[in-house]
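A.B. asks: what would the 3D arrangement of this be:
(one chain, ligands or ions: 1)
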Amino acid sequence: MVKKGADIFRMAALDCVKKEGRFVVAISGGSTPRPMHRLLAEDPYYSEIPWDKTDLFWVDERCVPEDDPASNFGAAKQNLLNRVPIPVAQVHPMPGDLSPEEGALTYEREMKDYFRVKEGEFSVFDLIYLGLGNDGHTASLFPGHKALEETKRLVVAVKGGDPHVSRITMTYPVLNHARQIVFMVSGKGKSPVLKTLFENGKDLLPAQRVRPFQGKTTWLLDREAASLLSEDMVHD
Ligand code: 6PG
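C.D. replies: Sure, this is the predicted structure:
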């Protein structure tokens, strides 16, 4: 799973830079992505990924200081940013040090400026990595939250999750405008929610509402996470 995640990153980066001269990717927090972040900082990925043409955004962030263990940016700095030559100006952390609403508005402005989106349009990311919580949340879109119904804002402030803190999160309109979505899910603890997600067929869980309008969605699962799925659902 980890290597596949890194291979997709490299392939998308090389393809996008070749076609458009840049690669714009957003990453999630939590623990699952960390091994991939560390792998991206090692050869062959270190030397083959065009870091100088890569712009890195975050899908969500906890409203905590960067040195707080809960900070997604803080973790990415340790596992990736401090180890690869991505220009600082091309690293776009969500402001965890402002009030949640201010942080959401600030990041939304940064995304609108970067992508030069007009009113009513949405940023189109080349690639977005997402995780999956045991409750079926993704990003910081938690079951029952009004953020799930947001259709205009690109970024909103929420409170929830574990740790139960204020957060800033991208919304479904942004996620569903992505060219490519990759979910990475690992561990036995996620096997029940994956079974529900793939077998209940209705849009019950927040992660099920990530359906890119024109993009491709890939699910990368390790064996433990996939252990309750039927054989025909899973392929290497
Ligand atoms: C966050 C993440 C969140 C995460 C899932 C899975 O900031 O918490 O973006 O959506 O991807 O909660 O987290 P783990 O990878 O730690 O299981």
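
A.B. asks: so which residues on the chain come close to the ligand?
C.D. replies: 28-32, 59-60, 72, 131-133, 137-140, 161 (C-beta under 6 Å from any ligand atom). (C-beta placed from N, C-alpha, C; glycine too.)

A.B. asks: how about 5 Å then?
C.D. replies: 28, 29, 30, 31, 32, 60, 131, 133 (C-beta under 5 Å from any ligand atom).

A.B. asks: now secondary structure too, for the residues you listed, in TSV please.
C.D. replies: Putting those into TSV (DSSP: H, G, I helix; E, B strand; the rest coil) gives the following:
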residue	secondary structure
28	coil
29	coil
30	coil
31	coil
32	coil
60	strand
131	coil
133	coil
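
A.B. asks: and those residues, which are buried?
C.D. replies: 28, 29, 30, 32, 60, 131, 133 (16 or more other C-beta atoms under 10 Å).

A.B. asks: scan this protein for its longest helix.
C.D. replies: Assignment by DSSP state H gives helix 2-20 as the longest helix of the chain.

A.B. asks: and the residue in the chain that the ligand sits nearest to, what is it in contact with?
C.D. replies: Closest approach between the chain and the ligand, counting by C-beta to the nearest ligand atom: residue 131, at 2.1 Å. For residue 131, the contact set (C-beta atoms under 8 Å, 6 or more residues apart in numbering) comprises 28, 29, 30, 32, 33, 138, 183, 184, 185.

A.B. asks: turn those residues into a markdown table, columns for pLDDT.
C.D. replies: A markdown table is the format used below for those (pLDDT from 0 to 100):
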| residue | pLDDT |
| --- | --- |
| 28 | 98 |
| 29 | 96 |
| 30 | 95 |
| 32 | 97 |
| 33 | 98 |
| 138 | 98 |
| 183 | 98 |
| 184 | 98 |
| 185 | 98 |
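
A.B. asks: list just the nearest of the residues you listed to residue 65.
C.D. replies: residue 29 (14.5 Å; C-beta to C-beta).

A.B. asks: can you pull the contacts of the closest one?
C.D. replies: Listed by C-beta under 8 Å, 6+ apart, the contact set of residue 29 reads 58, 59, 60, 61, 62, 72, 75, 76, 131.

A.B. asks: what do you get if the cut-off is 6 Å, keeping everything else the same?
C.D. replies: residue 72 (C-beta atoms under 6 Å, 6 or more residues apart in numbering).

A.B. asks: the one 4 residues further on too?
C.D. replies: Taking C-beta under 6 Å, 6+ apart as the definition of contact, residue 33 has no neighbours.

A.B. asks: and it, backbone torsions?
C.D. replies: phi -70, psi -10 (degrees, to the nearest 10).

A.B. asks: just give the number of residues close to residue 124.
C.D. replies: 16 (other C-beta atoms under 10 Å).

A.B. asks: just residue 20 next, same as before
C.D. replies: Counted with other C-beta under 10 Å, residue 20 comes out at 11.

A.B. asks: go ahead and confirm residue 86 touches residue 51.
C.D. replies: Yes. Taking contacts as C-beta atoms under 6 Å, residue 86 lies within contact range of residue 51: 4.5 Å.

A.B. asks: okay, strands next: where are they in this structure?
C.D. replies: Using DSSP state E, the strands of the chain run over residues 23-27, 54-58, 60-62, 91-92, 127-130, 155-160, 165-170, 180-185, 216-221.

A.B. asks: may I see those organised as CSV, with distance to residue 146 added?
C.D. replies: Shown next, in CSV, are the strands of the chain (distance: least, C-beta to C-beta, whole Å):
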stretch, distance to residue 146
strand 23-27, 22
strand 54-58, 21
strand 60-62, 16
strand 91-92, 25
strand 127-130, 20
strand 155-160, 8
strand 165-170, 12
strand 180-185, 23
strand 216-221, 24
